[in-house]
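In: Let's see this in three dimensions:
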Amino acid sequence: MRLTLCSMCEEVQKPSIQVPKAMVATIFINTFAGLLFLIPIVFVLPNIQDLILLPQPVPAIITSAVGSPGGAIGLLIPLMVLALLCGVGVTTASSRCTWAFARDGAIPGSKWWMKVNHRLDVPLNAMMLCMVVEIVLGLIYFGSTAAFNAFSGVGVICLTASYATPIAISMFTGRKQVKTGNFYLGKSGYFLNIVSIGKAPHLFSDPRRLFFY
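Out: Numbering: from 1, shown residues only. The predicted structure follows:
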């Protein structure tokens, strides 16, 4: 969700104010929504050993809880809708990032990918490129679930590193770039930066996290 918000910086009014507010709001929204989903799941968990080897344990958990395949499908429909909406958000974010890189000439074929479809008012070429890449990567799952999980784990780690890198650079340069920002926190900002960076190393402490995160 935060990645999607970052990618929309150039499509909202006053992004220096609206985007930070939205990113902070996602913390509270995700916390509430996550607890709302996880707490009931914890109360109806079947034997953990039966779930470890399953590629998708949530359907098995819900089926075990309701005792009916039809009821389980009914409860899974909202999750499938959310997955589709999440896919739309990911495609939106990746297409905007691709367009931004293409605009700056940072990827091959930039002149093609930076084009904007003015009738639809979206970077359609970049969106189609991202869609094709996502489909191809999704096909990995049919060949090897272990390879797909490893790829997904690397994606999470790289995303975490992408958040930590600009924060670290800002700290090493005395936080000069953020002093003119709308939400400058002064000396307390150093503490928050250290906490943010401190969350990243645990992903790299064990190579096995690449496969199981």
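In: residue ranges of the helices in this protein, please?
Out: 2-7, 15-43, 48-52, 57-66, 69-103, 110-113, 124-138, 140-143, 145-172, 188-198, 209-212 (DSSP state H).
In: From the chain's centroid, how far away is the second one?
Out: To tie it back to what came earlier, the one meant is helix 15-43. 13 Å (Cα atoms, centre = their mean, to the nearest Å).
In: Compute the mean per-residue pLDDT across that helix, please.
Out: Averaged over helix 15-43, pLDDT sits at 86.
In: Next, the angle from that helix to helix 57-66.
Out: Relative orientation of helix 15-43 and helix 57-66, computed by axes from the mean of the first three to the mean of the last three Cα atoms, to 10 degrees: 50 degrees.
In: Which elements pack onto helix 15-43?
Out: helix 2-7 (3 or more Cβ pairs under 8 Å, 6 or more residues apart in numbering; DSSP states H and E). Just so you know, the C-beta spots here come from the backbone N, C-alpha and C atoms, and that holds for glycine as well.
In: go on, the third one?
Out: Under the contact definition 3+ Cβ pairs under 8 Å, 6+ apart, helix 48-52 sits against helix 57-66.
In: looking at the helices of the chain, which is buried most?
Out: Mean neighbours per residue, mean count of other Cβ atoms under 10 Å, is largest over those for helix 2-7, with a mean of 18.
In: just how off-centre is stretch 54-69 within its chain?
Out: So, by Cα atoms, centre = their mean, the centroid of stretch 54-69 is 25 Å from its chain's centroid.
In: What of stretch 51-64?
Out: So, by Cα atoms, centre = their mean, the centroid of stretch 51-64 is 23 Å from its chain's centroid.
In: Stretch 54-70 too?
Out: 25 Å.
In: Can you measure across it, start residue to end residue?
Out: For stretch 54-70, the first-to-last residue distance is 20 Å (Cα to Cα, to the nearest Å).
In: for stretch 179-192, same thing?
Out: End-to-end distance (Cα to Cα), stretch 179-192: 15 Å.
In: pLDDT of that stretch, averaged?
Out: 83.
In: so how many other residues sit close to the closest residue to A60 other than its chain neighbours?
Out: Nearest in space to A60, with sequence neighbours left out and distances taken as Cβ to Cβ, 6 or more residues apart in numbering, is L54 at 5.6 Å. Close neighbours of L54, defined as other Cβ atoms under 10 Å, add up to 11.
In: Please report how far L54 lies from M80.
Out: 17 Å (Cβ to Cβ, to the nearest Å).
In: pLDDT below threshold where in the chain?
Out: The model of the chain has pLDDT under 70 over residues 1-7, 199-213.
In: if we can go back for a sec, these two touch, right, the residue nearest to A60 and I61?
Out: No: contact criterion Cβ atoms under 8 Å: L54 and I61 do not qualify, at 9.3 Å.
In: L137: what's its closest spatial neighbour, skipping adjacent residues?
Out: L137 sits nearest to F151 (Cβ to Cβ, 6+ apart), 6.9 Å away.
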